[in-house]
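1. structure of the sequence below:
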Amino acid sequence: MFLLHYLVIIPLFLATGVSPDSLNQLKSEANRGSAAAQYDLGVRYAKGTGVPQDYMEAAKWYRKAAEQSLASAQYDLGLLYAEGQGVPQDDADAAKWYRKAADQGLAIAQFDLGLLYANGEGISQDYAEAAKWYSKAADQGLDYAQYHLGWLYHEGQGVAQDYAEAIKWWRKAADQGNAGSQNDLGMLYYEGKGVVQDYAEAIKWWRKAADQGRLEAQVTLAVLYANGEGVPQDYAEAVKWYQKAAEQGYADAQFNLGWMYVNGRGIAQDYAEAAKWYRKAADQGHAFAQCNLGRLYNAGHGVPQDNLEGTKWIQKAADQGNADAQFGLGLFYETGEGAPKNYVMAHMWYNLAATQGNEDAQRRRDEIASKMTTEQIAQAKALASKWKPVETETDREK
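-> This next block holds a predicted model:
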């Protein structure tokens, strides 16, 4: 689970009797010490409404109102510290101002203070404190807080693990349309944790989340329909949900959508579309997509036939440790098609694929060894032993 700050701006104009169109009057009220006018002026500077956007000015006016104990100003000043807008970024100061607003009962401040405790940002990590503040906000009906409180119960962090409590809070949030809670309710119904296992109920909640664009739910539905798990197998439904997830940039979905186009599952076979989606995933470092894109170039399916381009993509996949791609490179080096003929390199790539259980690679490695000298075999084995997979940007982000 990813814990993220939810940036929520309190409604722009408070009922102070000051017209929002009369900036000079608003400034006059603010200078006379009206906390409501000070806050409203701060919001205008933060949003650039009627004045040039200026976070430093926003912070100045928020602070004046916050020091008069206006909870909304305290919270928004905390947001500026959390984001480093108009003030130096400082999670400790964010926590300080969130706490002041939270102590006055402002639900969103209680939630964001809980996030800081959960993440250990600006304050010592303390899941019990996170649960306390989430609970206060959740009791006021804030769906974000209900969702995160449910996660603490699901994981047993700061509270005793209790799937029934997790379901209770997720259902409250899900009924308000919270997509994360809908997705996670689907998970519990599918797994039968805290509830009687019910695939239909799981699908219902996943569909609600997916319809709101929740990536995890879209991918889950696609996989279930593709494999016929918990639902009748339906490749067209699988394609529909892979497409939605792929359009959000998710590499696995892009790869699977490409595979569906290659094989004509749930959609008319279309190598050009397959190549398009494989390329999107391949550009993100998806090894299977790189390998399959390379094969399309080698075969000239959906793209101009180009062995060099095919080898380029298969090399990228092989460098990440993809066994099919390593086997493919071995073939190129053995036959001289797609790469210069080189038995040492062929043996090395076959050997790497064979160690991952590729039986074809094992067989061809042993066959090619009969054509090599003892020195060549030793050289190939030494290269294989020194080989290390290339780390992609995706790997570094994990």
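2. now residue 213, what's its secondary structure?
-> Three-state assignment for residue 213 (DSSP: H, G, I helix; E, B strand; the rest coil): coil.
3. so it touches residue 248, yeah?
-> Yes. Here residue 213 lies in contact with residue 248, judged by Cβ atoms under 8 Å, at a distance of 7.3 Å. Where C-beta positions appear, they are placed from N, C-alpha and C, glycine not excepted.
4. can you pull the poorly scored residue ranges out of this structure?
-> Within the chain, the stretches with pLDDT under 70 are 1-21, 393-398.
5. try 50 this time
-> The chain contains residues with pLDDT under 50 at 1-18, 20.
6. could you pull out the strands for it?
-> For the chain, no strands turn up when DSSP state E is the criterion.
7. where exactly do the helices run in the stretch 1-150 of the chain?
-> Assigned by DSSP state H, counting those that start in this stretch, the helices in the stretch 1-150 of the chain fall at 23-31, 35-47, 55-66, 71-83, 91-103, 107-119, 127-139, 143-155.
8. helices and strands around the second one, which ones?
-> I take that to be helix 35-47. Packing partners of helix 35-47 (3 or more Cβ pairs under 8 Å, 6 or more residues apart in numbering; DSSP states H and E): helix 23-31, helix 55-66, helix 71-83.
9. so which of these is the most packed in?
-> Mean neighbour count (mean count of other Cβ atoms under 10 Å) peaks for helix 71-83 among those, with a mean of 25.
10. now the helices of the stretch 1-150 of the chain as TSV including distance to residue 357?
-> TSV is the format used below for the helices of the stretch 1-150 of the chain (distance: least, Cβ to Cβ, whole Å):
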stretch	distance to residue 357
helix 23-31	71
helix 35-47	58
helix 55-66	57
helix 71-83	49
helix 91-103	47
helix 107-119	40
helix 127-139	41
helix 143-155	35
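11. out of those helices, which gets nearest to residue 392?
-> Residue 392 lies closest to helix 107-119 among those, at 26.4 Å (Cβ to Cβ).
12. quick check: angle from the closest one to helix 71-83?
-> Put simply, helix 107-119 runs at 30 degrees to helix 71-83, going by axes from the mean of the first three to the mean of the last three Cα atoms, to 10 degrees.
13. helix 107-119 to helix 91-103, inter-axis angle?
-> Using the same axes, to 10 degrees: helix 107-119 against helix 91-103 is 140 degrees.
14. contacts for stretch 139-158, please.
-> Stretch 139-158 is contacted from outside by 1, 3, 6, 105, 107-108, 110-111, 114-115, 118, 126-131, 134-138, 159, 161-163, 165-170, 172-173, 176-178, 180-181, 184, using Cβ atoms under 8 Å, 6 or more residues apart in numbering.
15. give me the buried subset of the residues you listed.
-> Listed as buried from these are 107-108, 110-111, 114-115, 118, 127, 129-131, 134-138, 159, 163, 165-170, 172-173, 178, 180-181, 184; burial here means 16 or more other Cβ atoms under 10 Å.
16. the helices and strands packed on helix 35-47: which one's closest to residue 198?
-> helix 71-83 (39.9 Å).
17. with just CA atoms, put the closest one into CSV.
-> Extracted C-alpha coordinates of helix 71-83, given in CSV (Å, rounded to 0.1, in the frame of the first residue of the first chain):
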residue,chain,number,x,y,z
ALA,A,71,-8.4,25.5,11.9
SER,A,72,-8.7,25.7,8.1
ALA,A,73,-5.8,28.2,8.0
GLN,A,74,-3.7,25.9,10.3
TYR,A,75,-4.3,23.0,8.0
ASP,A,76,-3.5,24.9,4.7
LEU,A,77,-0.3,26.3,6.3
GLY,A,78,0.6,22.8,7.1
LEU,A,79,0.1,21.8,3.5
LEU,A,80,2.4,24.5,2.4
TYR,A,81,5.1,23.2,4.7
ALA,A,82,4.5,19.6,3.5
GLU,A,83,4.9,20.7,-0.1
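18. list of residues touching that helix?
-> Helix 71-83 is contacted from outside by 5, 7, 9-10, 14, 35, 38-39, 42-43, 46, 55, 58-59, 62-66, 85-91, 93-98, 100-101, 104-106, 108-109, 112, using Cβ under 8 Å, 6+ apart.
19. mind checking which of these are buried?
-> Taking 16+ other Cβ under 10 Å as the criterion, what is buried in the contacts of helix 71-83 is 10, 14, 35, 38-39, 42-43, 46, 55, 58-59, 62-66, 86-87, 91, 93-98, 100-101, 106, 108-109, 112.
20. about what we covered before: of all the helices of the stretch 1-150 of the chain, which one comes closest to residue 189?
-> helix 143-155 (13.3 Å).
21. which positions in the closest one come out as buried?
-> Neighbour-count burial for helix 143-155 flags 143, 144, 145, 146, 147, 148, 149, 150, 151, 152, 153, 154 (criterion: 16+ other Cβ under 10 Å).
22. swap in stretch 185-197?
-> By neighbour count on 16+ other Cβ under 10 Å, the buried set for stretch 185-197 is 185, 186, 187, 188, 189, 190, 194, 195.
23. what is the end-to-end distance of it?
-> 11 Å (Cα to Cα, to the nearest Å).
24. what separates that stretch from the chain centre, distance-wise?
-> Centroid separation for stretch 185-197 versus its chain: 23 Å, with Cα atoms, centre = their mean, to the nearest Å.
25. how near is the closest residue to residue 365 other than its chain neighbours to residue 380?
-> Spatially, and ignoring its direct neighbours in sequence, residue 365 is nearest to residue 350 (3.6 Å; Cβ to Cβ, 6 or more residues apart in numbering). Distance, residue 350 to residue 380, by Cβ to Cβ, to the nearest Å: 9 Å.
26. since that was my last question, I'll sign off now.
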